[in-house]
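Novice: sequence unavailable; structure follows:
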């Protein structure tokens, strides 16, 4: 799928990859993910996009964001918006689609192959625009869950589809394994 001469960029929709990995019952080892792509191509950059709730004293995302930032990823964040819905439930909204799209288009003259970790159909137009610029596009998501985590339109538009459950054999671990090792460490 990858030519070692290609300049490859990874663009990770953090919320989408998190939901996909939860649905598959795995955790992504981001160090192994980076190493896996560095082995198969010239990895130019790896971007991770996520929204953060800023007024929380502690965010469970903060340790991951800090680790990614120090270990080869370019982390792009913005404050999430909190609101109360009509039923009185607290909701958090933090869509990073526009930021990811703009960055991908602005950077497109510097890469050959774009790898998008997201199944969000809103990215179909971005994939098409990059292809018109002569870029190869791989979309990483899953069809292995009872409800597919990838939009059919996005999958059809991409040049290649990377099944995360297959990739997880290299760069993932089950959530059960993580819980067992955490108990053993305690």
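Specialist: Right, received. Where do you want to start? Small disclaimer: the values here were computed from a predicted structure and weren't measured.

Novice: quick check: the nearest residue to residue 40 once chain neighbours are set aside vs residue 113, distance?
Specialist: Excluding the flanking residues, the one nearest residue 40 by CB to CB, 6 or more residues apart in numbering is residue 2, at 4.5 Å. The way it works is simple: take the backbone N, C-alpha and C, and place the C-beta from them, glycine included. Distance of residue 2 to residue 113, given as CB to CB, to the nearest Å: 7 Å.

Novice: overlap of the contact sets of these two?
Specialist: Residues touching both residue 2 and residue 113 (CB atoms under 8 Å, 6 or more residues apart in numbering): 8, 41.

Novice: more neighbours, these two?
Specialist: Counting neighbours by other CB atoms under 10 Å for residue 2 and for residue 113 shows that residue 113 has the greater number, 23 against 18.

Novice: now the top strand by length along the chain: how far from the chain's centre is it?
Specialist: Using DSSP state E, we find that the single longest strand of the chain is strand 42-52. For strand 42-52, the distance from its own C-alpha centre to the chain's C-alpha centre is 8 Å (CA atoms, centre = their mean, to the nearest Å).

Novice: secondary structure class of the residue nearest to residue 40, three-state.
Specialist: coil (DSSP: H, G, I helix; E, B strand; the rest coil).

Novice: partner strands of the longest strand of the chain, with direction?
Specialist: When pairing is defined by DSSP bridges, strand 42-52 lines up against strand 7-13 (parallel), strand 74-79 (parallel).

Novice: what does the longest one rub up against?
Specialist: The reference is to strand 7-13. Applying CB under 8 Å, 6+ apart, the external contacts of strand 7-13 come out as 2, 33, 37, 41-49, 73, 96-97, 100, 103-104, 107, 110-118, 120, 123.

Novice: relative to residue 163, how far out is residue 25?
Specialist: Using CB to CB, which is the criterion applied here, residue 25 is 15 Å from residue 163.

Novice: residues contacting the residue nearest to residue 40?
Specialist: 8, 37, 40, 41, 113.

Novice: pLDDT score for it?
Specialist: Looking at residue 2, its pLDDT is 86.

Novice: please apply the same query to residue 147.
Specialist: 89.
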